[in-house]
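**Q** sequence plus predicted model, see below.
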Amino acid sequence: MSRVDIRCSVDLPVNVLMHAEGGKGIAEAETRFTSLSLNGGMLQFRPEDGLDNKIVGLRYDLPRYGEFEILGEILRSNDEGTATRFYNLNRDAKLKLWDFIKDNLADELSCPYCGKENTHKRRECNECGWNLNFYSQDYIIEHEKESFLKRVAAKSEAFNLEDIYKVLNYVDVEILKIGKNFDINEEFVGSSEDILNVFSMIRKVAPTDIPVLITGESGTGKELTAMAIHERSQRKHKPYVPINCAAIPENLLEAELFGYEKGAFTGAHSDKVGKFEYAEGGTIFLDEIGEMSLKLQSKLLRFLEDKFVERIGSTEKRKVDARVIAATNVNLKSAIAKGTFRKDLFYRLDVFNIALPPVRDRGDDRVILARYFLNKFTKEMNLARTFSSNAIEAIKSYDWPGNVREIINKVRRAVVMAKETAITPEDLELNISSIEVDAVQSLREVRHTIEKQKLIEAMRHCNNNISKVARILGISRPSVYSLKKKYKV
Ligand SMILES: Nc1ncnc2c1ncn2[C@@H]1O[C@H](COP(=O)(O)OP(=O)(O)OP(=O)(O)O)[C@@H](O)[C@H]1O
Ligand SMILES: [Mg+2]
């Protein structure tokens, strides 16, 4: 296998500073680098056996580039010498080091990655495929990218599925900054295909000004999505104004949204600026839009058409630049059929629809979410808690009708209630008996939940062997197949 780093042979004096034996201060040894790369170097010297602290300081003069003093660690020591790795070389030092390595490579006849001979005039090694065009201006950037990908590829073999999700999630959340800078300090967690698709829709729609309609069951993250869009838009330094249309009676909602003039009605003692005007330059989030009265729907439609608002009691039109994001957990198409929602408003809002999948359709995200909140609450409460393997199984087989909010509540409760460090299904209230007493579920739902749970358990227990599953559950093989189909197991 070829190296992921370029190294050149050198003979360069270096001073190594390390902890003296028995904690007696710092010891310094003079030795030489026999090779150098961007990430470390090979030293001639071998430290005494049993060096208990592997961190070393390395001080050396790079001819023409000046003195370097960097911290590193000893990776291994053998007959060839001692391999060291540099910590956190800054950009400037790295570029200098690269210039030095490049100059020293000039004389090398072989590929610095794989050792194949006579490659010094080639642009690419035909053995290992690495780019050898050292004198191109972008070489070092290309090299860093290429070696980064190879390092990740080599490490990823040891990843399990959850590690992969963590990496993907890290990329989306940390690097692409989804969910950052919220004042509520919440992050968007998840790596299932559907949720990655949601992340990508958020990224696409955020920089535009088009209205967005967010749909999804209760607790699926509609509000979080609205905030994520605002945070990733050019409007992020302007107000984000959420308003829940279901929580406020109709006449008050009109005053809240559009404001009023002094004297517009009894009790209007002074002018009131509405939420639309507050949201000037920013975003207004109309939550539970399905609950809005038809009268207000037509006022909203007018706003979407011409961007003017009229305060109650005034005929003056005020121009407002506010982006509208709306959310609902009711099916607006059936509301249209029932005559409680305007079709024309629906089409105005539905220009860009983000449909949040229920947690039960997000595969292993339920475990990732549960672990995320476990980590969060244990830190907040300063408690040591983990999930027992039974708890993980229970999390996997439960349907989570209350979606992410239910995960949050159950995990929070479990962290507080657990008697042992390992949280059990009972702590999470995910044992069968708690499902049975859950008053909001119909008998049919309870049966479905239990049937599905038992099927999943049996499939796992029998390694997906259908005949064994049938025997364990006391049903026929065709019945197992039809249950599998019914519950999409
Ligand atoms: N993917 C996610 N990652 C992390 N936290 C999430 C995720 N989705 C939702 N949450 C959290 O779950 C809770 C519920 O989310 P949110 O309020 O956005 O849901 P909603 O769809 O608006 O629910 P409702 O319809 O009941 O208003 C919030 O605390 C939110 O921060
Ligand atoms: Mg909400």
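**A** In hand now; what should we look at? Numbers count the residues shown, from 1 in each chain. Ligands and ions are numbered 1, 2, ... in the order given.

**Q** can you tell me the SS state at the residue of the stretch 351-489 of the chain found nearest ligand 1?
**A** Using CB to the nearest ligand atom, the single residue of the stretch 351-489 of the chain nearest to ligand 1 is Val404, 3.6 Å away. No exception for glycine: its C-beta is placed from N, CA and C like everyone else's. When classified by DSSP: H, G, I helix; E, B strand; the rest coil, Val404 comes out as helix.

**Q** contacting residues for it?
**A** Contact criterion CB atoms under 8 Å, 6 or more residues apart in numbering gives 219-221, 359, 369 as the residues in contact with Val404.

**Q** identify the residue nearest whatever residue of the stretch 201-350 of the chain ends up closest to ligand 2 in space, chain neighbours excluded?
**A** Each residue of the stretch 201-350 of the chain has a distance to ligand 2, by CB to the ion, and the smallest belongs to Glu223, at 4.0 Å. Among residues not flanking Glu223 along the chain, Asp287 sits closest, at 6.5 Å (CB to CB, 6 or more residues apart in numbering).

**Q** same thing with Glu288?
**A** Nearest residue to Glu288, sequence neighbours excluded (CB to CB, 6+ apart): Ala246, at 3.9 Å.

**Q** for Glu429, same thing?
**A** Leaving aside its sequence neighbours, Glu429 sits nearest to Lys410 (CB to CB, 6+ apart; 6.1 Å).

**Q** which helix or strand contains that neighbour?
**A** Remark: Lys410 resides in helix 403-417, with elements defined by DSSP states H and E.

**Q** near ligand 2, which residues of the stretch 151-300 of the chain are found?
**A** Of all the residues in the stretch 151-300 of the chain, those in contact range of ligand 2 (CB under 5 Å from the ion) are 222-223.

**Q** what are the ranges of the strands in the stretch 151-300 of the chain?
**A** Assigned strands in the stretch 151-300 of the chain, in chain order: 212-215, 240-244, 259-260, 272-273, 283-287 (criterion: DSSP state E, counting those that start in this stretch).

**Q** name the residues of stretch 339-355 that are buried.
**A** Going by neighbour count (16 or more other CB atoms under 10 Å), the buried part of stretch 339-355 is 340-342, 345-346, 348-349, 352, 354.

**Q** what is the end-to-end distance of it?
**A** Terminal residues of stretch 339-355 are spaced 23 Å apart (CA to CA, to the nearest Å).

**Q** in a helix, Arg76, correct?
**A** No. The secondary structure assignment for Arg76 gives strand rather than a helix, going by three-state DSSP.

**Q** now the residue nearest to it when sequence neighbours are not counted, which residues is it bridged with?
**A** Across the structure, with CB to CB, 6+ apart as the measure, the residue nearest Arg76 apart from its sequence neighbours is Ala83 (5.3 Å). Ala83 has these beta-bridge partners by DSSP bridges: Met42, Arg76.

**Q** surely Ala83 meets Val56?
**A** No. Ala83 is beyond contact range of Val56, at 11.6 Å (criterion: CB atoms under 8 Å).

**Q** please identify which of those two sits among more neighbours.
**A** Val56 (21 against 16; other CB atoms under 10 Å).

**Q** gap between the more buried one and ligand 1?
**A** Relative to ligand 1, Val56 is positioned 42 Å away (CB to the nearest ligand atom, to the nearest Å).

**Q** what's the neighbour count on the residue nearest to Glu288?
**A** One way to gauge burial is a neighbour count; for Ala246, by other CB under 10 Å, it gives 14.

**Q** any chance of the contacts of Val404 in TSV, with neighbour count and pLDDT too?
**A** Listed next are those as TSV, based on neighbours: other CB atoms under 10 Å; pLDDT from 0 to 100:
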residue	neighbour count	pLDDT
Gly219	21	94
Thr220	25	96
Gly221	25	96
Val359	27	96
Leu369	22	94
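
**Q** quick one: pLDDT of the residue of the stretch 251-400 of the chain at minimum distance from ligand 1?
**A** With CB to the nearest ligand atom as the measure, the residue in the stretch 251-400 of the chain that lies nearest ligand 1 is Asn329; the distance is 4.6 Å. Here, the pLDDT recorded for Asn329 equals 91.

**Q** neighbours of it, how many?
**A** By the criterion of other CB under 10 Å, Asn329 has 17 neighbours.

**Q** contacts only, for the residue nearest to it when sequence neighbours are not counted.
**A** The shortest distance from Asn329 to any residue other than its chain neighbours is 5.2 Å, reached at Ser218 (CB to CB, 6+ apart). By CB under 8 Å, 6+ apart, the contact list for Ser218 reads 329, 402-403, 405.

**Q** who wins for neighbours among those?
**A** Of all those, Asn403 has the most neighbours under the rule other CB under 10 Å, reaching 23 neighbours.

**Q** now it, nearest residue through space, not along the chain?
**A** Leaving out its chain neighbours, Asn403 is closest to Gly219 (CB to CB, 6+ apart), at 3.5 Å.

**Q** interface residues of the stretch 301-450 of the chain facing ligand 1?
**A** Contact residues, the stretch 301-450 of the chain versus ligand 1 (CB under 6 Å from any ligand atom): 329, 404-405, 408.
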